[in-house]
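Undergrad: sharing a model prediction with you, sequence too.
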Amino acid sequence: HMGTAGTALATVIAQLFSAGVCLWIMRKKHPIFFFSRKDMGMDLPLLKRTANFGAVSALHQSSIYIGKMLVQGAVNSGGTEIISAYTATTRIEGFSNSFGDSGSTAISVFVAQNRGAGDKKRALKGFHQGLGLMIVFVIILSALQAALTRGAVQLLMGNPSETVMKNAVLYVVSVFYILNFIGNAGVGFFRGIGKISVPVIGSTLHISIRVVLSYLLIGRMGLEAVAFATGIGWISVVLYQIVVY
């Protein structure tokens, strides 16, 4: 009834509901998470360090979405049906990526807490276990995505044309997902130990490769070009992280 505004309103309501449930659970089961005025203090050096971390993290996040916007420009040159297929498949990808993002955050918090407590051995063990868990998740998610792409696109788009369906199925990025999740685990680790420049450099490297190859290849390969460009970008990020590690 409300068009796009309805979608926006539904999103906000869903987020408010989620936040309310989280606060309720915290109040009931983890009241230690809540703080009062007596718990507050001013630590200027820590405030400055936190601001620096936040600024670099913001740069990292913004570079990802600037890159996505540039890739969208390459996709737009392929015509309406390529755009439709890309839009549908990236919505499916977003579901899978949420697991990688959550895992990265969890590893970052765990590593930071244990490193701060001086237990570097436990921090490293937690990173290795988190990485192993993410690899198990991504194998399952990649298999599901590869198997269910056609059905998911039909669910999202109703009755897409065969050209759209063909391009959506050919968007074979799921085979590279394991590199994405390994890279996300690496981002969590490097953030946790305070080397936040590593994710920024890795992200810039990935986006640069992804954008350039997408523009160069999409005319000849269609939507597969974006998948391979993305995969090659992830390969470069993982190799960079391994060298730094």
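TA: Received the coordinates, thanks.
Undergrad: only C-alpha atoms for contact and neighbour calcs from this point on.
TA: OK.
Undergrad: in the worst-scoring helix or strand of the chain on mean pLDDT, what counts as buried?
TA: In the chain, the helix or strand scored least confidently by mean pLDDT, DSSP states H and E is helix 162-170, which has a mean of 76. By 16 or more other CA atoms under 10 Å, the buried positions in helix 162-170 come out as 164-170.
Undergrad: next one: that helix to chain centre, how far?
TA: On the basis of CA atoms, centre = their mean, to the nearest Å, helix 162-170 sits 24 Å off its chain's mean C-alpha point.
Undergrad: other SSEs contacting it?
TA: If you count contacts as 3 or more CA pairs under 8 Å, 6 or more residues apart in numbering; DSSP states H and E, helix 162-170 packs onto helix 80-116, helix 120-157.
Undergrad: could you list the residues in contact with it?
TA: Contact partners of helix 162-170, identified using CA atoms under 8 Å, 6 or more residues apart in numbering, comprise 81-82, 84-86, 88-89, 149-150, 153, 222-224.
Undergrad: now stretch 207-222
TA: Contacts of stretch 207-222 (CA under 8 Å, 6+ apart): 63-64, 67-68, 70-71, 74-75, 78, 82, 167, 224-226, 229-230, 232-233.
Undergrad: coming back round to it: deepest-packed of the helices and strands packed on helix 162-170, please.
TA: Of these, the one with the most neighbours on average (mean count of other CA atoms under 10 Å) is helix 80-116, at a mean of 19.
Undergrad: now it: mean pLDDT?
TA: Here helix 80-116 scores 88 as its mean pLDDT.
Undergrad: first-to-last residue distance for stretch 216-227?
TA: Start-to-end span of stretch 216-227 (CA to CA, to the nearest Å) is 13 Å.
Undergrad: give me the buried positions along it.
TA: 217-218, 222-227.
Undergrad: against residue 93, how distant is the residue of the chain positioned farthest from its centre?
TA: Computed with CA atoms, centre = their mean, the maximum C-alpha offset from the centroid of the chain is found at residue 38, amounting to 37.0 Å. Going from residue 38 to residue 93 by CA to CA gives 44 Å.
Undergrad: what do you get for residue 112?
TA: 29 Å.
Undergrad: residue 92 and residue 202, how far apart?
TA: Relative to residue 202, and taking CA to CA, residue 92 is found at 24 Å.
Undergrad: what do you get for residue 196?
TA: 10 Å.
Undergrad: kindly report the same for residue 66.
TA: Distance from residue 66 to residue 202, by CA to CA: 15 Å.
Undergrad: who has more neighbours out of these two?
TA: The neighbour count for residue 66 versus residue 202, taken as other CA atoms under 10 Å, is higher for residue 202 (23 against 12).
Undergrad: centre of the chain to the host helix or strand of that one, how far?
TA: Element membership of residue 202 [criterion: DSSP states H and E] is helix 197-221. Distance of helix 197-221 from the chain centroid (CA atoms, centre = their mean) equals 15 Å.
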